[in-house]
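In: Dropping the sequence and predicted coords here.
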Amino acid sequence: MKVEAMIDDLESALDGYLATSPDHLAMLEVRRLKNELRSNPERVVVEICDFFSGPKTVVTDSFQSPASREAASEVESARKPLGNHFAKQRRERGHNG
C-alpha cells in the first residue's frame with residue numbers, strides 16, 4: 001500500500017473520530033493532528049499514537065461514547081501500517097547511513 005493511501009485511510013479514520021467524539025478538547029487536538037498530517041506524516045503518526053494509545057487514552061475514557069471508542073480504535077488500526085512504514089524507513093536509514 002502506498003504512503004498516500006495510508007495517509008488517506010488515517011485521515012478518514014480521524015474524520016470518523018471527529019464525527020463521534022463528545023470531548024471538545026480531544027476534537028481540537030485531533031483536528032490539529034489531521035491538519036499537520038500531510039506536511040510531516042512521520043512526526044504526526046507518532047503524536048497520534050501517543051494521543052490514542054497513551055496512559056490516559058481517549059479510547060478508554062469513560063465519558064466517551066461507544067461510537068467514539070470504536071472510531072478511536074479505527075484510528076489506531078489505520079495508524080499502525082503508516083507507523084510501521086516509517087519505522088522500517090528509520091531502520092533502513094540507520095543501516096545505510
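Out: Looks like it arrived, so ask away.
In: Any stretches of the chain with poor pLDDT?
Out: Low-confidence segments of the chain (pLDDT under 70): 55-63, 97.
In: now the helices for it?
Out: For the chain, the helices defined by DSSP state H occupy 3-20, 24-37, 41-53, 66-96.
In: Okay, buried residues for the last one please.
Out: It stands for helix 66-96. By 16 or more other C-beta atoms under 10 Å, the buried positions in helix 66-96 come out as 68-69, 71-72, 74-76, 78-79, 82-83, 85-86. C-beta: built from backbone N, CA, C; applies to glycine.
In: Same question for the first one.
Out: By neighbour count on 16+ other C-beta under 10 Å, the buried set for helix 3-20 is 6, 7, 9, 10, 13, 14, 16, 17, 18, 20.
In: Also the third one?
Out: Residues of helix 41-53 classed as buried: 41, 44, 45, 48, 49, 51, 52 (neighbour count, 16+ other C-beta under 10 Å).
In: and which of these is nearest to residue 25?
Out: Distance to residue 25, by C-beta to C-beta, is smallest for residue 51 among the buried residues of helix 41-53, at 11.2 Å.
In: What about the nearest residue in space to the closest one that is not next to it in sequence, how many residues nearby?
Out: Excluding the flanking residues, the one nearest residue 51 by C-beta to C-beta, 6 or more residues apart in numbering is residue 29, at 6.3 Å. By other C-beta atoms under 10 Å, the residues close to residue 29 number 14.
In: Over to the one 10 residues further on?
Out: Taking other C-beta under 10 Å as the neighbour definition, residue 39 ends up with a count of 8.
In: Skipping adjacent residues, who's closest to residue 77 in space?
Out: Using C-beta to C-beta, 6+ apart, the closest residue to residue 77 is residue 13 (7.3 Å).
In: mind listing what the most centrally placed residue in the chain touches?
Out: A centroid search over the chain (C-alpha atoms, centre = their mean) returns residue 48, at 3.8 Å, as the residue closest to the centre. Going by C-beta atoms under 8 Å, 6 or more residues apart in numbering, residue 48 touches 10, 14, 33, 75, 79.
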